[in-house]
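J.: Below is the sequence, then the predicted model.
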Amino acid sequence: MDGIEKRISDLIKALNIKKVAFANRINVSGPFVSQLCSGVSIPSDRTIYDICREFKVNEKWLRTGEGEMFLKPTKDEELRDFVDDILESESTDFRRRLISALAKLDTEKWKVLEEIASTLSNETKESDP
């Protein structure tokens, strides 16, 4: 059975980052992460908490190998991540322009937009076989 050292290594591979970047994100040293991955060191509860918080990892999976590697994000988390991604980008792509335009809508215009979205949704459902 795989131990926590294997799961930490697998996580770093799944994240597609280097051990040093992983270490920086959880505020530990690069050599310590190497020790965790090799089984020389065992992560403290605090380190496990930091890994799970920073990378949205399922704590049960990290500790035992049961369940999925990553937690399923809530709708609010998905929305926050989407907006964060837009705000962090330097470009003025369509998503950024759209969010900016939506932010300027008043209550009445939101109602009109909701009606349009509802109509589009119903038309899509009707056209699906």
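T.: Sure thing, it's come through.

J.: In which helix or strand does residue 63 reside?
T.: Assigned by DSSP states H and E, residue 63 falls within helix 59-64.

J.: elements contacting that helix?
T.: Packed against helix 59-64 by the contact rule (3 or more C-beta pairs under 8 Å, 6 or more residues apart in numbering; DSSP states H and E) you find helix 4-15, helix 45-55. C-beta coordinates here come from the backbone N, C-alpha and C atoms, glycine included.

J.: Output the below-cut-off pLDDT ranges for this structure.
T.: For the chain, residues meeting the criterion pLDDT under 70 lie at 1, 128-129.

J.: related to what we said a few turns ago, for the helix holding residue 63, which outside residues touch it?
T.: For helix 59-64, contacts defined as C-beta atoms under 8 Å, 6 or more residues apart in numbering pick out 4, 7, 8, 11, 48, 49, 51, 52, 66, 67, 68, 69.

J.: May I see the helices and strands packed on helix 59-64 arranged in TSV, with distance to residue 101 and mean neighbour count as well?
T.: As requested, the helices and strands packed on helix 59-64 are exported to TSV (distance: least, C-beta to C-beta, whole Å; neighbours: other C-beta atoms under 10 Å):
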stretch	distance to residue 101	mean neighbour count
helix 4-15	34	16
helix 45-55	33	16
